[in-house]
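Asks: build me a model:
(chains A and B)
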Amino acid sequence: MLDTPIQARPAPPTVQPAAPVMAGDAEMWMSALHGPPGVRDQALADLHALLLRAARFELARRRGQLHDLARADIDDLATQAADDALMAILGKLDTFRGTSRFTTWAYKFALLEAGVKARRRAWHGREVVLDDQTWPALPAGGRSAQQCLEDAEMLRALSDAVATSLTRHQREVFCALALNGIPIDVLAERLNTNRGALYKTLHDARRKLRLALEAAGYGRDIAAITGGGT
Amino acid sequence: MSTDDRTELFLRLLGPADPEVTCEQCFEFLDEYVDLEAAGADADRHLPGMHEHLQGCPACREDHETLRDFVHRRPA
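Replies: Down below sits the predicted model:
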């Protein structure tokens, strides 16, 4: 993932790490994982079992996306996710700050690995079309004809801004992620980059589009819909 | 299109208006955020910018939802 924080935002949030008040299980796990070989081996086996359970949970949630996979293939995917998560955890063990339960910290690695693998597997062999501008329809339900017309005009202004305000790379990333719903991890794999770098590009594109909409007189409308002081 | 659908559409296109953390920061603090939620604490006050990022980044939002659901399902 990218190390560079998102630039050019009004006031970057200051995340203040909490004191380690919920360490709970952390001392036991850290002690065992740093213990003598027999103790450490057992802790690694126990941890892998927990990670495998988490990976299976995530893949079960995504069963619909993986309908073409046999049960054995899904089990393999879960095992790969647990293996990769364990490696990542061991590499970052000394960065665990104790501000959550150890198991919550560990689970996030397994769930991330399983989620990324599932998204990529679901898109395996599917073409990723960049710059395909298929704009969403705006059904009328619940809104007056006048409101629908105003929304359609705002979308048209947004479409114009996409065409005129963004660089080619920003436009491709915006269209792929925001318009066409291509999973960011899938696009990252196809473009040989990572989630953080792509999201930074999307963030910059969105910022330009907001400014363009403000210039076109839609600032208050956008602020009313998405919040903030635009 | 309901009001929620409309808001969701424009959030998907334009992202959150307020400052947000990066994907890397989101992953770093996700476990703390979820445990604070589980404890009934004000996770957004402790970790500003997380909520906004989860609004704007579908992949991180899915990661949050699945960690939250798994932890709540299997308290360790």
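
Asks: what sits against the closest residue to A:Val186 other than its chain neighbours?
Replies: Leaving aside its chain neighbours, A:Val186 sits nearest to A:Trp123 (4.4 Å; criterion: C-beta to C-beta, 6 or more residues apart in numbering or on different chains). From N, CA and C alone the C-beta is placed, and that goes for glycine too. With contacts taken as C-beta atoms under 8 Å, 6 or more residues apart in numbering or on different chains, A:Trp123 has the following neighbours: A:Ile182, A:Pro183, A:Val186.

Asks: any weak-confidence spans in chain A?
Replies: Judged by pLDDT under 70, chain A has its weakly predicted residues at A:1-24, A:131, A:138-141, A:228-230.

Asks: if we use 90, what do you get?
Replies: Under the criterion pLDDT under 90, the flagged ranges of chain A are A:1-27, A:65, A:67-68, A:97, A:124-152, A:180-181, A:219-230.

Asks: quick one on the thing from earlier: in helices, which of the contacts of A:Trp123 appear?
Replies: Among the contacts of A:Trp123, the subset assigned to helices under DSSP state H consists of A:Val186.

Asks: pull out the buried positions in the helix or strand encompassing A:Met154.
Replies: Using DSSP states H and E, A:Met154 maps to helix A:145-165. Neighbour-count burial for helix A:145-165, counted by 16 or more other C-beta atoms under 10 Å in any protein chain shown, picks out A:Cys148, A:Asp151, A:Met154, A:Leu155, A:Ala157, A:Leu158, A:Ala161, A:Val162, A:Ser165.

Asks: next SSE after that helix?
Replies: Elements were assigned by DSSP H and E; along the chain past helix A:145-165, the next helix or strand is helix A:168-174.

Asks: helices or strands up against that following helix?
Replies: Contacts defined by 3 or more C-beta pairs under 8 Å, 6 or more residues apart in numbering or on different chains; DSSP states H and E place helix A:168-174 against helix A:145-165, helix A:195-215.

Asks: on that earlier part again, ok, so of the contacts of A:Trp123, who is nearest B:Gln55?
Replies: Compare each of the contacts of A:Trp123 with B:Gln55 using C-beta to C-beta and the shortest gap goes to A:Pro183, at 17.1 Å.

Asks: got the angle between the helix holding A:Met154 and helix A:195-215?
Replies: For helix A:145-165 against helix A:195-215, the angle between stretch directions is 120 degrees (axes from the mean of the first three to the mean of the last three C-alpha atoms, to 10 degrees).

Asks: can you spell out which helices and strands pack onto helix A:145-165?
Replies: Identification of packing neighbours for helix A:145-165 by 3+ C-beta pairs under 8 Å, 6+ apart yields helix A:168-174, helix A:195-215, helix A:219-226, helix B:3-14.

Asks: where does the closest residue to B:Ala43 other than its chain neighbours sit, in terms of helix or strand?
Replies: The spatial neighbour of B:Ala43 that comes closest, neighbours along the chain excluded (C-beta to C-beta, 6+ apart), is B:Leu36 at 3.9 Å. Using DSSP H and E, B:Leu36 sits in helix B:23-38.

Asks: pull out the buried positions in the helix or strand just after that helix.
Replies: Downstream of helix B:23-38, the next assigned helix or strand under DSSP H and E is helix B:43-46. Counting neighbours by 16+ other C-beta under 10 Å, one finds that the buried residues in helix B:43-46 are B:Ala43, B:His46.

Asks: by contact count, what packs against helix B:43-46?
Replies: Under the contact criterion of 3+ C-beta pairs under 8 Å, 6+ apart, helix B:43-46 touches helix B:23-38, helix B:50-56.

Asks: can I get the CA coordinates of that helix in PDB?
Replies: Coordinates of each C-alpha in helix B:43-46 appear next as PDB, following Å, rounded to 0.1, in the frame of the first residue of the first chain:
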ATOM      1  CA  ALA B  43     -15.100   5.600  17.500                       C
ATOM      2  CA  ASP B  44     -15.500   8.500  15.200                       C
ATOM      3  CA  ARG B  45     -14.400  11.000  17.900                       C
ATOM      4  CA  HIS B  46     -11.300   8.900  18.700                       C
END
